[in-house]
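Chemist: for reference, the sequence and a predicted model appear below.
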Amino acid sequence: MTALQTVLAALGLTAALSQASHAQGEAGLPFLLNPPSSEANGMGGTSIALQRFDPTASIFSPAQTGLSALRTNVRGSFYPTTAGLVTLYGFPDLDLEYSASAVSAGVRLNDFIELPLRIGFGLAYHHVAVDYGTFIVTGEEGPEEKGRFEAHEDASGFVLGVGIEYLLRFGFGYTFRSVASHLSAVGTPEISSADAQEEASDYSFLLEAPLLTVVEEVSGWDAWPGGSLYPFLDLSAGMGWNNMGDRLVYIDQGQADPFPRSARAGIALKGGVRLDLPVSWEVLSAAWSREAEDLLVLRDSAGWEYQTGLGDIEFGQNVLQGKLTDNVGLRSGWQIQAAEIFTYRQGSVRGSATYSTRGYTVQLAGMMKGLAQVMGNESPDWLLFARDHVDVQYHIAEYTLETTVTNTVSYSSLVFAFRVLPW
């Protein structure tokens, strides 16, 4: 077997395994199905219906860019160390490295002009890459080494988002993505070229309903009369479509592979209490989310075709009731957050295989707010500036699959954020 055949066989098995929860067939570029956000991964990778602070969440849910623009801010996120791929459980012989990074910027127009409702526009850029390692080039005549090459794939995208708030908060995002797959050495005569470069797009919607605020506005009822401690309860829902490309061509147009088109739909609930200080301080909160996902690729003996809409996702059974049905996988998770300092998460991914996830976040914002509150009028200017404008978060997450041995893939990311006006 040549080196190219080896790497294609490995990636084919990878694609099949990554779609095990969908039971629908293989697709190219399986790394695009790997959830990139370390923040979301602690909660089973849920990001379609719950707002995330980490800008890498917009890689799976571009609506995140729209919602984040309801505050004028700049954010950046990257992996300080490379990670593995959840889709590669059972293939420890593949020496791969996965990384993701993203930057985003949002402008809320209301910070500069008067408008009857809040409107924000956001822009984000992301890059995802996987390095499959070094492969040996051999010929059909024997195992003699004739060369080596690096196999790798990557994707880069620009996200345009818009956020609108009038009682309800609505976010929409659209991604323009370029994908490159390099699975052979350029110019190696012993093997055919297996490089592909294609375009794809994502789009998603996310709607948040701050239930207590809506009730207060509609009825005039004060949910928490007196004091500076205010409760909140938000219900949200979202749906999105990823990797909406045409087809992936390596060598022969007649043997093109489908893009890993996928649909997602989910719900989330978040509640807690905030302190109304010079800046808002979320002192305690809890969140839960569930989302269904379906690979929109059908294969049979005649070939393959794409499904439309949400594919086999049934919102009532899959999302609301949490029932598994044919071809649909489920992600769910919960988190508890304390004082914008520490957050703990757990979650699961269910399909033909079951993964458990967990993670945590350490955050700077709450530390600055707490220190400024303790120091009061003695707070130095630099502390007040940091409290009002700066945040740094460190996210850790793990996916674990229990088989004959325990397989674990870890993720970590650093997020830096700056807001023009106080948080």
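Modeler: Happy to help now that I have it. The shown structure was predicted, so the numbers you read here are calculated from the model rather than taken from an experiment.
Chemist: where does this protein dip in pLDDT?
Modeler: For the chain, residues meeting the criterion pLDDT under 70 lie at 1-25, 86-95, 139-142, 184-194, 223-226, 251-254, 352, 402-406, 422-423.
Chemist: what ranges do the helices span in it?
Modeler: Remark: helices assigned in the chain by DSSP state H are 3-18, 38-41, 63-68, 211-219, 365-375, 381-389.
Chemist: buried residues, the fourth one. List them.
Modeler: What that stands for is helix 211-219. Residues of helix 211-219 classed as buried by neighbour count (16 or more other CB atoms under 10 Å): 212-213. C-beta coordinates here come from the backbone N, C-alpha and C atoms, glycine included.
Chemist: tell me which other helices or strands it touches.
Modeler: strand 229-242 (3 or more CB pairs under 8 Å, 6 or more residues apart in numbering; DSSP states H and E).
Chemist: try the second one
Modeler: Counting by 3+ CB pairs under 8 Å, 6+ apart, the packing neighbours recorded for helix 38-41 are strand 354-363, strand 390-402, strand 406-419.
Chemist: how about 10 Å then?
Modeler: strand 329-338, strand 342-350, strand 354-363, strand 390-402, strand 406-419 (3 or more CB pairs under 10 Å, 6 or more residues apart in numbering; DSSP states H and E).
Chemist: how close does the residue nearest the centre of the chain get to residue 203?
Modeler: By CA atoms, centre = their mean, the chain has its centre lying nearest to residue 57, at 3.4 Å. Relative to residue 203, residue 57 is positioned 15 Å away (CB to CB, to the nearest Å).
Chemist: and for residue 326?
Modeler: Taking CB to CB, one finds residue 326 at 26 Å from residue 203.
Chemist: give me the more crowded residue out of those two.
Modeler: Neighbour count, other CB atoms under 10 Å: between residue 326 and residue 203, residue 203 has more, with 18 against 9.
Chemist: quick check: closest non-adjacent residue to the more buried one.
Modeler: residue 174 (4.7 Å; CB to CB, 6 or more residues apart in numbering).
Chemist: surely the one you found touches residue 242?
Modeler: No - Residue 174 is beyond contact range of residue 242, at 11.7 Å (criterion: CB atoms under 10 Å).
Chemist: next, the buried residues of stretch 65-82.
Modeler: 65-73, 75-79.
Chemist: before we move on, what about stretch 117-137?
Modeler: Result for stretch 117-137 [16+ other CB under 10 Å]: buried residues 118-122, 124-132, 135, 137.
Chemist: repeat for stretch 250-264
Modeler: For stretch 250-264, a neighbour-count test (16+ other CB under 10 Å) marks 250, 256-264 as buried.
Chemist: with stretch 272-279 instead?
Modeler: 272, 274-275, 279.
Chemist: before we move on, what about stretch 228-237?
Modeler: 232-237.
Chemist: before we move on, what about stretch 366-374?
Modeler: Neighbour counts over stretch 366-374 (16+ other CB under 10 Å) mark 366-370, 372 as buried.
Chemist: grab the nearest non-local neighbour of residue 103.
Modeler: Residue 103 sits nearest to residue 76 (CB to CB, 6+ apart), 4.5 Å away.
Chemist: meant to ask about residue 315
Modeler: Closest residue to residue 315 apart from its sequence neighbours, by CB to CB, 6+ apart: residue 265 at 5.9 Å.
Chemist: just give the number of residues close to that neighbour.
Modeler: 25.
Chemist: in this structure it contacts residue 319, no?
Modeler: Yes - the pair residue 265 / residue 319 is scored as a contact, 5.5 Å apart, by CB under 10 Å.
Chemist: what do those two both touch?
Modeler: Counting by CB atoms under 10 Å, 6 or more residues apart in numbering, the residues touching both residue 265 and residue 319 are 48-49, 237, 239, 290-292, 310, 313, 328.
Chemist: just the buried ones from the residues you listed?
Modeler: 48-49, 237, 239, 290-292, 310, 313, 328.
Chemist: can you name the two of these that sit furthest apart?
Modeler: Greatest spatial distance among those (CB to CB): 237 and 328, at 17.0 Å.
Chemist: ok, the nearest residue to residue 294 once chain neighbours are set aside - contacts?
Modeler: Closest residue to residue 294 apart from its sequence neighbours, by CB to CB, 6+ apart: residue 311 at 3.8 Å. Contact analysis of residue 311 by CB under 10 Å, 6+ apart lists 22, 24, 241, 261-263, 265, 292-298, 327-328.
Chemist: my guess is residue 255 contacts residue 196. True?
Modeler: No - applying CB under 10 Å as the test, residue 255 and residue 196 come out as separate, 11.6 Å apart.
Chemist: restricted to strands, list the shared contacts of residue 265 and residue 319.
Modeler: 237, 239, 290-292 (DSSP state E).
Chemist: so how far does stretch 272-290 reach from one end to the other?
Modeler: Chord length of stretch 272-290, first to last residue, is 19 Å (CA to CA, to the nearest Å).
Chemist: how far does that stretch sit from its chain's centre?
Modeler: 22 Å (CA atoms, centre = their mean, to the nearest Å).
Chemist: cool, stretch 105-120 as well?
Modeler: For stretch 105-120, the distance to the chain centre is 26 Å (CA atoms, centre = their mean).
Chemist: buried residues in that stretch?
Modeler: 105-108, 110, 118-120.
Chemist: dump the ones in strands among the shared contacts of residue 265 and residue 319 into TSV; add distance to residue 384 as well.
Modeler: Shown next, in TSV, are these (distance: CB to CB, whole Å):
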residue	distance to residue 384
237	38
239	41
290	40
291	39
292	45
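Chemist: now, which of the residues you listed sits nearest residue 101?
Modeler: Looking across these and measuring by CB to CB, the closest to residue 101 is residue 291, at 23.7 Å.
Chemist: what residues are bridge-paired with the residue lying closest to residue 332 once chain neighbours are set aside?
Modeler: Nearest non-adjacent residue to residue 332, counting by CB to CB, 6+ apart: residue 290, 4.1 Å away. Beta-bridge partners recorded for residue 290 (DSSP bridges): residue 267, residue 332.
Chemist: check residue 103 too.
Modeler: In beta-bridge terms (that is, DSSP bridges), residue 103 pairs with residue 76, residue 125.
Chemist: based on its surroundings, how many neighbours for the nearest residue to residue 287 once chain neighbours are set aside?
Modeler: Among residues not flanking residue 287 along the chain, residue 270 sits closest, at 3.9 Å (CB to CB, 6+ apart). Residues contacting residue 270 under the criterion other CB under 10 Å number 20.
Chemist: go ahead and confirm residue 270 touches residue 285.
Modeler: Yes - Residue 270 lies in contact with residue 285 (CB under 10 Å); the separation is 6.3 Å.
Chemist: which neighbours do the two share?
Modeler: Counting by CB under 10 Å, 6+ apart, the contacts common to residue 270 and residue 285 are 232, 234, 335, 337.
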